[in-house]
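Engineer: structure of the sequence below:
(one chain, ligands or ions: 1)
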Amino acid sequence: MKPPTHREGGEFAGRGILVPFETVNEAVSAMEAFLSPSAASVITHELARRCGAASCRRTMVGAGTREEVLGRLCELKEEENWGRPSFHEVDFERGSGRVSIVNSFEAVARGDGPPRCHFFRGFLAGFLSELFGKPITVLEERCAAEGGERCEFRFADSLVLYAEEARQLVKNIAREAASKCSSGNL
Ligand SMILES: [Zn+2]
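Structural biologist: I've put the predicted structure just below:
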């Protein structure tokens, strides 16, 4: 993917540092080598989750509605060059919906490979949990690092997603048992 051009000025100017994509890649690669890719992704997600919750508390100050807070988040992250995020199909009662991001900084920085956006996924989880006042889980269903134009995420109440996962697990076990029965292995 071609890295986006940094836009100068605006709300972010003078309030942070610029970290080149190369440095992001080197830092994450070092953490993966020191721990393991899966351990590094869990730590990155957890660290980002706390950052996202704090960011939501700051963003909510003076905002009227939850929709307005999400609008502010998208503007701010685009300004900070994280990529171009947008929210879709948001159910403000249930706390569920979809997020896509074009030019995710993690996908751009890390290059082709498995889903890369552990920081953004964790950040969203923390931000949305704070916004909706309950634990929200975010899943990255498609990552631009695997091909395609954008990364796509789904979010919902963590309990709803756990229940969905449990139902799927039971279905898989039943299917496996039925298959063993029919083949005479049980
Ligand atoms: Zn991604």
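Engineer: please report how far the closest residue to Arg84 other than its chain neighbours lies from Cys151.
Structural biologist: Nearest non-adjacent residue to Arg84, counting by C-beta to C-beta, 6 or more residues apart in numbering: Val102, 4.4 Å away. For the C-beta atoms, the positions are set from N, CA and C on the backbone; glycine is no exception. Noted for Val102: a distance of 8 Å to Cys151, by C-beta to C-beta, to the nearest Å.
Engineer: hey, what's in contact with both of these two?
Structural biologist: In terms of C-beta atoms under 8 Å, 6 or more residues apart in numbering, Val102 and Cys151 are both contacted by the residues Gly83, Ala144.
Engineer: more neighbours, the two?
Structural biologist: Cys151 (27 against 16; other C-beta atoms under 10 Å).
Engineer: quick revisit: list the beta-bridge partners for the residue nearest to Arg84.
Structural biologist: On the basis of DSSP bridges, Val102 is bridged to Arg84, Arg150.
Engineer: look up how far Asn81 lies from it.
Structural biologist: 12 Å.
Engineer: can you check Arg154 too?
Structural biologist: Distance, Arg154 to Asn81, by C-beta to C-beta: 24 Å.
Engineer: one more: Gly64?
Structural biologist: 27 Å.
Engineer: what about these two, which has more around it?
Structural biologist: A count of neighbours by other C-beta under 10 Å puts Asn81 above the other of Gly64 and Asn81, at 19 against 8.
Engineer: give the contact list for the residue positioned nearest the centre of the chain.
Structural biologist: With distances taken as C-alpha atoms, centre = their mean, Arg121 lies nearest the centre of the chain, 1.6 Å away. For Arg121, the contact set (C-beta under 8 Å, 6+ apart) comprises His45, Ala48, Val138, Leu139, Glu140, Phe153.
Engineer: excluding its backbone neighbours, what's nearest the last one?
Structural biologist: Distances taken as C-beta to C-beta, 6+ apart put Val99 closest to Phe153, at 4.4 Å, once the chain neighbours are dropped.
Engineer: where does the closest residue to Phe92 other than its chain neighbours land on pLDDT?
Structural biologist: Among residues not flanking Phe92 along the chain, Arg66 sits closest, at 5.4 Å (C-beta to C-beta, 6+ apart). Confidence at Arg66, expressed as pLDDT, is 96.
Engineer: how about the residues of this structure that lie near the ion?
Structural biologist: Counting by C-beta under 5 Å from the ion, the residues of the chain close to the ion are Ser104, Ala107, Cys117, Cys143, Cys151.
Engineer: in contact with the nearest residue to Ala144 once chain neighbours are set aside: list those residues for me.
Structural biologist: Closest residue to Ala144 apart from its sequence neighbours, by C-beta to C-beta, 6+ apart: Ala107 at 4.2 Å. Residues near Ala107 by C-beta under 8 Å, 6+ apart: Met1, Gly83, Arg116, Cys117, Cys143, Ala144, Ala145, Cys151.
Engineer: thank you kindly, that will do.
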